[in-house]
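> Sharing a model prediction with you, sequence too.
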Amino acid sequence: MENYNDYFRGKTAIVTGAAAGIGLGLIEELLDSGAKKVVLADFNADNLNTHTERLSAKHPGKVKGVLCNVTIEQEVADMIAEAAEFFNGRVDLLINNAGAGFLGCFTEPSAPDAMPGEKTRALAQTNEDWEKGFALNFYGALYGCRAVIPIMRKQGGGQILNIISGIVFSPMAFQSIYSATKAALNGLTLSLRTEYWDDNIKISSATPGTTATDIWGELNMKAPAGAQTPQQSARRILQGAARNQRIIFGDDSDLDGAKHCFHADREKGMDEYLLNVARERRNGSLAF
């Protein structure tokens, strides 16, 4: 893999959802790559304190943890302001990583075992569920962009990565909230990419790829066989960031999905694949 170390050397960075999984992997990779200072933003106080203390011991004076619920705009604005102060006014990179999977049925299922996952079995997702999904997976990133772009414009540039998902290109059954919220975030991201291009602000979407993180445990599931580690995902995302790729694909499966999903000649194959996934999930197994 191409060396991206010099790209992040001396830069400041904020990562949301940074106290576990891919967010934590991104922070660790940035510090190991010579980042000047980083801010971990997360709503889990215990994890945040644990990893802030651990990383501060290894990188004295470079790490700050900020408790932040990204679904609340004022908390995001305050977190960005606190980070900017820690960075002496300059924010080079914001990675909007916080998110969740929101597995569930769109309407009441036809059978009690109609989908995998004990926590979500036989539950129809309500408007409240949809609002929670958009608040976390879409508005959290929107609030981050809105707060940091004025700082980046004033300083003459910067970079934003919004973490989407491969499901944007392969929308799967029983994940309608996840599919819709991440697709919306991808649309926002790519629109902003050209809106702020001439302000020297680089804005990209990034899929994490299939990665073994806590998101599977939250759904009472095991990560699929062959899932990569958070560090592997983080390295691929940062590699794409260094190249300013429009969409960064976290693994080759996500790249293949993007190539085929909206290709007219591939419609039949995509329908067959995704229909098989839907039928297996309806029978209670987690298929991909």
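Thanks, I have it.
> Any buried residues in the helix or strand hosting Tyr7, and which?
Element membership for Tyr7 (DSSP states H and E) is helix 5-8. Of all the residues in helix 5-8, those buried under the rule 16 or more other C-beta atoms under 10 Å are 7-8. All C-beta atoms are positioned from the backbone trio N, CA, C, and that covers glycine.
> now swap in stretch 124-133 and tell me
125, 130, 132-133.
> Walking through the chain, point out its helices one by one.
5-8, 21-32, 45-58, 73-86, 127-134, 140-155, 176-195, 214-218, 230-242, 252-261, 267-282 (DSSP state H).
> Check the offset of stretch 227-238 from the chain's centre.
12 Å (C-alpha atoms, centre = their mean, to the nearest Å).
> average model confidence for that stretch?
The average pLDDT within stretch 227-238 is 95.
> Stretch 62-79 too?
98.
> same question, stretch 87-102
On average, stretch 87-102 scores 96.
> and the helix holding Tyr7, C-alpha only, in CSV?
Output in CSV follows, covering the C-alpha atoms of helix 5-8 (Å, rounded to 0.1, in the frame of the first residue of the first chain):
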residue,chain,number,x,y,z
ASN,A,5,2.6,9.3,6.2
ASP,A,6,3.8,12.6,5.0
TYR,A,7,0.3,13.7,4.0
PHE,A,8,-1.0,13.8,7.5
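> Grab the nearest non-local neighbour of Leu192.
Ile203 (4.9 Å; C-beta to C-beta, 6 or more residues apart in numbering).
> Please report how far the one you found lies from Ala124.
36 Å (C-beta to C-beta, to the nearest Å).
> Likewise for Ile237?
Counting by C-beta to C-beta, the gap from Ile237 to Ala124 is 34 Å.
> Leu93 too?
With C-beta to C-beta as the criterion, Leu93 and Ala124 are 40 Å apart.
> List the contacts of stretch 263-271.
170, 260-261 (C-beta atoms under 8 Å, 6 or more residues apart in numbering).
> Which of these has the largest number of neighbours?
Compared across these, Ser170 has the highest neighbour count, 21 neighbours, by other C-beta atoms under 10 Å.
> which ones are touching that residue?
257, 261, 270, 273-274.
> just Phe8 next, same as before
Counting by C-beta under 8 Å, 6+ apart, Phe8 has contacts 30, 33-35, 93, 238, 242.
> do Ile14 as well
Ile14 touches 38-39, 41, 79-80, 83, 91, 93-95, 144, 148, counting by C-beta under 8 Å, 6+ apart.
> ok, of these, which one's closest to Gly156?
Minimum distance to Gly156 across the contacts of Ile14 is 11.9 Å, recorded for Val91 (C-beta to C-beta).
> I'd assumed Arg153 was in contact with the closest one.
No. At 11.2 Å, Val91 does not count as touching Arg153 under the criterion of C-beta atoms under 8 Å.
> Count the neighbours of Pro109 for me.
Taking other C-beta under 10 Å as the criterion, the count of residues near Pro109 is 17.
> Look up how far Ile22 lies from it.
Distance of Pro109 to Ile22, computed by C-beta to C-beta: 31 Å.
> How about Val38?
15 Å.
> With Leu136 instead?
The value you get for Leu136 to Ile22, if C-beta to C-beta is used, is 15 Å.
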